[in-house]
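**Student:** Sequence first, predicted model second:
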Amino acid sequence: MISIITALYKSDRYLPGYFKYLKRFTEEMRRRNIVFEVIFVPQLATPLEKELLSRVSSEPWCRIVESDVPSLYGAWNRGVAASLGEVIGFWNADDIRYVDGFLEGVDLIRKGAELVYFPFRIRRYLKIFNLF
């Protein structure tokens, strides 16, 4: 099993995009018959976080570990402690993950890598004279 941990703290701004990508991701993982779980660790959850989590809480891949202490590393540790997977990955609410890249990392771990750090792209948008 693969465990994916998402810590949430004041993440309302990113959640619409996150859940859009999560839907695509989980559908593709299920289509490929990959056993996985997504562990959400909401910390002092906002009303929007609670609402969106309630929409996915009945999914077989969804687990929620609530916390009243805002700490990213604490949330990750709680997620790791609750995980059932032999491979654990993290997905922050402001990131985008793709199944092929994720599974490439899983394959590398299963072949003996202890840690996989993927390449990433940073995009910055500049506002120039109100043109952009």
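**Tutor:** That came through fine.

**Student:** three-state assignment of Glu37?
**Tutor:** Secondary structure for Glu37, judged by DSSP: H, G, I helix; E, B strand; the rest coil, is strand.

**Student:** do you know how far it is from Glu104?
**Tutor:** 19 Å (CB to CB, to the nearest Å). All C-beta atoms are positioned from the backbone trio N, CA, C, and that covers glycine.

**Student:** With neighbour numbers in mind, choose between the two.
**Tutor:** Glu37 (18 against 13; other CB atoms under 10 Å).

**Student:** residues in contact with the more buried one?
**Tutor:** Applying CB atoms under 8 Å, 6 or more residues apart in numbering, one finds that Glu37 lies in contact with Met1, Ile2, Ser3, Ile4, Trp61, Cys62, Arg63, Ser83, Leu84, Gly85.

**Student:** Quick one: mean pLDDT over the longest helix along the chain.
**Tutor:** Longest helix of the chain, by residue count under DSSP state H: helix 15-31. Averaged across helix 15-31, pLDDT comes to 96.

**Student:** mind checking how far that helix is from the chain centre?
**Tutor:** How far helix 15-31 lies from its chain's middle: 10 Å, per CA atoms, centre = their mean, to the nearest Å.

**Student:** likewise stretch 61-74?
**Tutor:** Worked out by CA atoms, centre = their mean, stretch 61-74 lies 12 Å from the chain centre.

**Student:** name the helices or strands packed onto the lowest-mean-pLDDT helix or strand in the chain?
**Tutor:** Every helix and strand of the chain was ranked by mean pLDDT, DSSP states H and E. The lowest is helix 99-110, at a mean of 90. Counting contacts by 3 or more CB pairs under 8 Å, 6 or more residues apart in numbering; DSSP states H and E, helix 99-110 packs against helix 15-31, strand 87-90.
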